[in-house]
Every structure is written in C-alpha cells, then in structure tokens.
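[1] Quick one: sequence and predicted model below, then my questions.
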Amino acid sequence: MSSNTHDTSAPKRVKHESPLNHYLSYIVSILLTMLAFAVVLYGDLDRSFILIFIVTLGIVQAVIQLLFWMHAKERGHLFPLIFIAGGAFVALTCVIMAVYWVWW
C-alpha cells in the first residue's frame, strides 16, 4: 500500500529578477564600451593611462556581466565563482610569467 501524503503548505515562490536589472546592466555595459572607445579615439592621453583605464573598464564590465547576466549573485553559485576565481588566478599567473619571460 502506498501512502498518499500531500503537502498542503503554500507553494514556494521563486524570486524572479526584474527585467529592469537586465536593461540597466546592458546600458551600463554599452556606456563602458563607448567610454573605452572615446578614450582611444581621443588619443592625446598617455599610453599607459589608456591601457590601465581600458583594462579597468574591462574588469568592471566583466563583473557586471557575471553578476547580472550569469546570475553569479544568486544563491547556489558558489562553486562556479570559485572556479572562475581559480581560472582568473591561473590566467593572471600565466600572463605575469610570460611578461617576465619576455623581458628577462
């Protein structure tokens, strides 16, 4: 005999993110891209400033896309974030090693 037990509690509601967050993150990403393009187009700035500025804008844009488009800010995404951080660490280590290898 099987027992028919039904859960009579209220159904759990899934919290959905508002489309407004996606629109805002898209607009911010476009603005960051336009800002990077404008800095390069202006061209009268120091090359090292331009490089550092564009890399910083790229990191900010990557964080925005991780948080809003890949939903990294939600619960249950700890392991993907750990692996992304590990991959970023390995990539950064490889870049630093390549720079030192070429310069010395």
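    Thanks, I have it.
[2] Based on its surroundings, how many neighbours for W103?
    W103 sits with 6 neighbouring residues when counted by other C-beta atoms under 10 Å. In this view, the C-beta of every residue, glycine as well, is placed from N, C-alpha and C.
[3] low pLDDT regions in the protein?
    Low-confidence segments of the chain, defined by pLDDT under 70, are located at 1-17, 72.
[4] any chance you could map the strands in it?
    Ranges of strands in the chain, per DSSP state E: none exist.
[5] Can you give me the domain boundaries for it?
    18-73, 75-104 (automatic domain parsing).
[6] Could you identify which of those is most buried?
    Burial among the domains of the chain, expressed as mean neighbours by mean count of other C-beta atoms under 10 Å, is greatest for domain 18-73, which shows a mean of 12.
[7] what separates that domain from the chain centre, distance-wise?
    Domain 18-73 has its C-alpha centroid displaced from the chain centroid by 10 Å (C-alpha atoms, centre = their mean, to the nearest Å).
[8] Equivalent analysis for stretch 70-87, please.
    The gap between the average C-alpha position of stretch 70-87 and the chain average comes to 10 Å, counting by C-alpha atoms, centre = their mean.
[9] Leaving out the residues flanking it, which one is nearest to G58?
    Of all residues not flanking G58 in the chain, A36 sits nearest, at 7.6 Å (C-beta to C-beta, 6 or more residues apart in numbering).
[10] Quick check: longest helix in this protein by residues?
    Of all the segments assigned as helix in the chain under DSSP state H, the longest by residue count is helix 78-103.
[11] for it, the distance to its chain's centre please.
    So, by C-alpha atoms, centre = their mean, the centroid of helix 78-103 is 16 Å from its chain's centroid.
[12] Tell me where this protein has helices.
    Applying DSSP H to the chain gives helices spanning 19-42, 47-64, 78-103.
[13] Compare the ones you listed and give me the one nearest M70.
    Comparing the helices of the chain by their distance to M70 (C-beta to C-beta), the top pick is helix 78-103, with 8.1 Å.
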